[in-house]
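here is a sequence with its predicted model. Questions after.
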Amino acid sequence: MLQLPNPEQTCSYPSVESAYEFCRQVTAEYSKTFYLGTLLMPKEKRKAIWAIYVWCRRTDQLVDGPEAEFTTLDTLDQWEKTLESIFAGNPVESPDLALVDTLKRFPLEIQPFRDLIAGQRMDLKRDRYQTFDELYLYCYRVAGTVGLMSNAVLGLEPEWGVSPWQKNQKNHIPTEEAVALGIANQLTNILRDVGEDADRGRIYLPLEDLERFNYREEDLFNGVINENWRQLMQFEIQRARGFYAQAERGIRDLSRESRWPVWTALMLYQGILDVIERNQYDVFNRRAYVPKVEKFLYLPVAWLRSQAL
Ligand SMILES: CC(C)=CCC/C(C)=C/CC/C(C)=C/CC/C(C)=C/[C@@H]1[C@@H](COP(=O)(O)OP(=O)(O)O)[C@]1(C)CC/C=C(\C)CC/C=C(\C)CCC=C(C)C
Ligand SMILES: Nc1ncnc2c1ncn2[C@@H]1O[C@H](COP(=O)(O)OP(=O)(O)OP(=O)(O)O)[C@@H](O)[C@H]1O
Ligand SMILES: [Mn+2]
């Protein structure tokens, strides 16, 4: 796992602009997919997503990064206090300057941020999920919440963009669809990282599914790829695709300028599932990623969808 650049070194003058620049760099370094999506947005929204990205990434690093062994429930309580301070307009560290500024510009609520921290608490407390309902709660907390945060920035199509015969119809707010995209992304992430997580003694796939397909924990730790594994993976891939399909139906409710970036991020992340299939479900020895050239080929298709669907 990469180490986040030290914010104090990167921004020698802690100004709002240098904080945003730091956030841009971190987003570009950590996620080619989401960074590409943000490049398709207007400047103000793009910067806001970078600020949110970095807060989420820093939260994730507390339990997933190089310092993770020192993180306790207490650390996360402290982190939540810092969050409250940011929402009160008082940055604690220099990257927070960007989020404080973003909070002035967009109607973000604190609850999804708190819930994301609660998701990290789950990672500290457990390394198995018995049922899909339990896993769903985890996915909601670590990723569905990101959908809610993003929605506040992406925005809806303004009233004046609505045709006269729809004027009295209230805009549909695609909350469930935004959460669905977070869930879909997280399930994809889990399927891609099965091997990596097993190396850390973690299993995110619901144990009830392992049982249903007659695939044992021990098989997973040994990286066994047999017919049972392929069927289990196919089942989970279809489940993730169901959430992508739900998310797609919400994109038309977003502001026009946000549709292309969201279609792009959705298609690129969903593309990881196709790569897993192409790799014949070997997530133990090969990392599934969409090659750079292919990433750019998605752009025009995503644009057409953002215009037509
Ligand atoms: C283009 C756009 C709007 C992007 C949003 C980017 C953003 C703010 C991402 C935050 C990512 C983050 C660091 C979250 C912390 C918890 C975590 C690690 C969640 C997983 C992301 C990991 O991505 P990555 O591949 O880098 O993982 P590794 O650490 O390398 O293993 C997640 C898979 C969750 C990502 C969830 C989202 C981006 C939510 C998507 C939903 C929307 C943008 C809402 C769209 C609206 C409608 C109506 C469909
Ligand atoms: N285009 C690529 N070419 C070669 N290796 C890649 C590529 N994309 C990802 N990888 C591999 O995956 C690792 C990073 O994984 P990750 O999936 O986080 O990539 P990413 O480009 O940040 O995309 P994402 O936004 O989907 O997270 C790299 O260190 C590399 O091993
Ligand atoms: Mn990544």
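All right, it came through fine. Ligands and ions are numbered 1, 2, ... in the order given.

ok, stretch 64-79 near ligand 1 or not?
No. Judged by CB under 6 Å from any ligand atom, stretch 64-79 makes no contact with ligand 1; its nearest approach is 6.9 Å. Placement of C-beta: from N, CA and C, glycine included.

got the end-to-end distance for that stretch?
End-to-end span of stretch 64-79 (CA to CA, to the nearest Å): 15 Å.

gap between that stretch and the chain center?
How far stretch 64-79 lies from its chain's middle: 20 Å, per CA atoms, centre = their mean, to the nearest Å.

average pLDDT for it?
In this model, stretch 64-79 has a mean pLDDT of 94.

same deal with stretch 176-194?
Taken as a whole, stretch 176-194 has a mean pLDDT of 98.

near ligand 2, anything from it?
No. Figure legend: stretch 176-194 not in contact with ligand 2 (CB under 6 Å from any ligand atom); closest approach 7.1 Å.

quick check: which element contains Asp77?
helix 73-87 (DSSP states H and E).

which secondary structure elements does the helix or strand just after that helix contact?
Later in the chain than helix 73-87, the nearest helix or strand by DSSP H and E is helix 96-105. When contacts are defined as 3 or more CB pairs under 8 Å, 6 or more residues apart in numbering; DSSP states H and E, helix 96-105 sits against helix 16-30, helix 43-64, helix 73-87.

sorry, back to before: contacts for the helix holding Asp77 next, please.
Residues outside helix 73-87 that contact it (CB atoms under 8 Å, 6 or more residues apart in numbering): 55, 59, 62, 91-92, 96, 99-100, 103, 110, 113-114, 117, 120-121, 124.

tell me the angle of it relative to helix 96-105?
If you take axes from the mean of the first three to the mean of the last three CA atoms, to 10 degrees, helix 73-87 sits at 50 degrees to helix 96-105.

any chance of a markdown table for the helices and strands packed on helix 96-105, columns distance to Phe213 and mean neighbour count?
Listed next are the helices and strands packed on helix 96-105 as a markdown table, based on distance: least, CB to CB, whole Å; neighbours: other CB atoms under 10 Å:
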| stretch | distance to Phe213 | mean neighbour count |
| --- | --- | --- |
| helix 16-30 | 33 | 20 |
| helix 43-64 | 28 | 21 |
| helix 73-87 | 34 | 15 |
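
pLDDT below threshold where in the stretch 1-150 of the chain?
Residues of the stretch 1-150 of the chain that meet the criterion pLDDT under 70 lie in 1-13.

from ligand 1, how far out is the closest residue to ligand 2 within the stretch 101-250 of the chain?
Relative to ligand 2, the nearest point of the stretch 101-250 of the chain is Arg192 (7.1 Å; CB to the nearest ligand atom). Computed with CB to the nearest ligand atom, to the nearest Å, the distance linking Arg192 and ligand 1 is 8 Å.

the residue nearest to that residue when sequence neighbours are not counted: what's it in contact with?
Spatial nearest neighbour of Arg192, excluding adjacent residues (CB to CB, 6 or more residues apart in numbering): Ala288 at 5.0 Å. Residues counted as contacts of Ala288 (CB under 8 Å, 6+ apart) are Arg192, Ile272, Val275, Ile276, Asn279.

and these, which of them are in strands?
Of the contacts of Ala288, none are assigned to strands by DSSP state E.

any chance of a ChimeraX selection covering the buried ones in these?
Buried subset of the contacts of Ala288, written as a ChimeraX selection, criterion 16 or more other CB atoms under 10 Å:
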select :192,272,275,276
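
quick check: Tyr129 touching Cys139?
No. With contacts counted by CB atoms under 8 Å, Tyr129 stays clear of Cys139, the gap being 9.7 Å.

what packs against the helix or strand encompassing Arg249?
Counting by DSSP H and E, the element that carries Arg249 is helix 227-251. With contacts defined as 3+ CB pairs under 8 Å, 6+ apart, the packing partners of helix 227-251 are helix 175-192, helix 207-212, helix 256-278.

contacts for it next, please.
132, 174, 176-178, 180-181, 183-184, 187-188, 191, 205, 209-210, 212-215, 219, 259, 262-263, 266, 270, 273, 276-277, 280-281, 283, 306, 309.
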